[in-house]
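J.: Kindly return the folded structure for what I paste below:
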Amino acid sequence: FQWGAREGPLCDEPIRNAKFKIVDAKIAQEPLHRGTGQIIPTARRVAYSAFLMATPRLMEPVYYVEIQTPIDCVFAIYTALSRCRGHVTADVPQPGTPAYLVKGMSEDVSINKFFDEAMVVELAQQATDLHQQML
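T.: Residues are numbered from 1 along each chain as shown. Okay, the predicted model is just below:
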């Protein structure tokens, strides 16, 4: 959970001013299925999907940039970005040129990244049942 809250799903920034309330949890009976290798990634996905279902919003500007620079300036780019909490996701050489391309954040921000298809269907069914009960 701490890992998921430290690197949120919107732009890998910490989740702030959010409250998570766990109302139900089922843990497998077999020790093999309740080890840290199963629980930690699951808890992270649960935190991400719950956060995305609550219609989150960014509270500070976040920019995506691509910087083309000669190889000898890459270190200066890393230094400048780190001073303003920037993250470099990749740096790749441009074929046929002496330039490097430094990339930014992930473009895929959706609940489909954290839910499997069966869970999306179940959530849709629950929403339909809830809507029927309210009528």
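
J.: measure residue 1 to residue 58 for me?
T.: Residue 1 sits 21 Å away from residue 58, going by Cβ to Cβ, to the nearest Å. Using the backbone N, CA and C atoms, a C-beta is placed for each residue, glycine as well.

J.: who's more crowded, those two?
T.: Under the criterion of other Cβ atoms under 10 Å, the comparison of residue 1 against residue 58 puts residue 1 first, with 13 against 10.

J.: residues contacting the more buried one?
T.: Under the criterion of Cβ atoms under 8 Å, 6 or more residues apart in numbering, the neighbours of residue 1 are 20, 43, 44, 47.

J.: List the contacts of the one helix or strand in the chain whose mean pLDDT sits lowest.
T.: Evaluated with mean pLDDT, DSSP states H and E, the helix-and-strand set of the chain has its lowest mean pLDDT in strand 99-103, which scores a mean of 71. With contacts defined as Cβ under 8 Å, 6+ apart, strand 99-103 is touched by 66-71, 74, 77-78, 81, 88-94.

J.: From those, list the buried ones, please.
T.: When the contacts of strand 99-103 are checked for burial by 16 or more other Cβ atoms under 10 Å, the buried set is 67, 69, 74, 77, 81.

J.: Ignoring the adjacent residues along the chain, who's closest to the third one?
T.: In this structure, residue 74 finds its nearest non-sequential neighbour in residue 100, 5.5 Å apart by Cβ to Cβ, 6 or more residues apart in numbering.

J.: Quick one: neighbours of that neighbour, just the number.
T.: When neighbours are counted by other Cβ under 10 Å, residue 100 registers 18.

J.: likewise residue 125?
T.: 10.

J.: pLDDT score assigned to it?
T.: Each residue has a pLDDT score; the one for residue 125 is 86.

J.: wait, is it part of a helix?
T.: Yes: inclusion of residue 125 in a helix is indicated when DSSP: H, G, I helix; E, B strand; the rest coil is applied.
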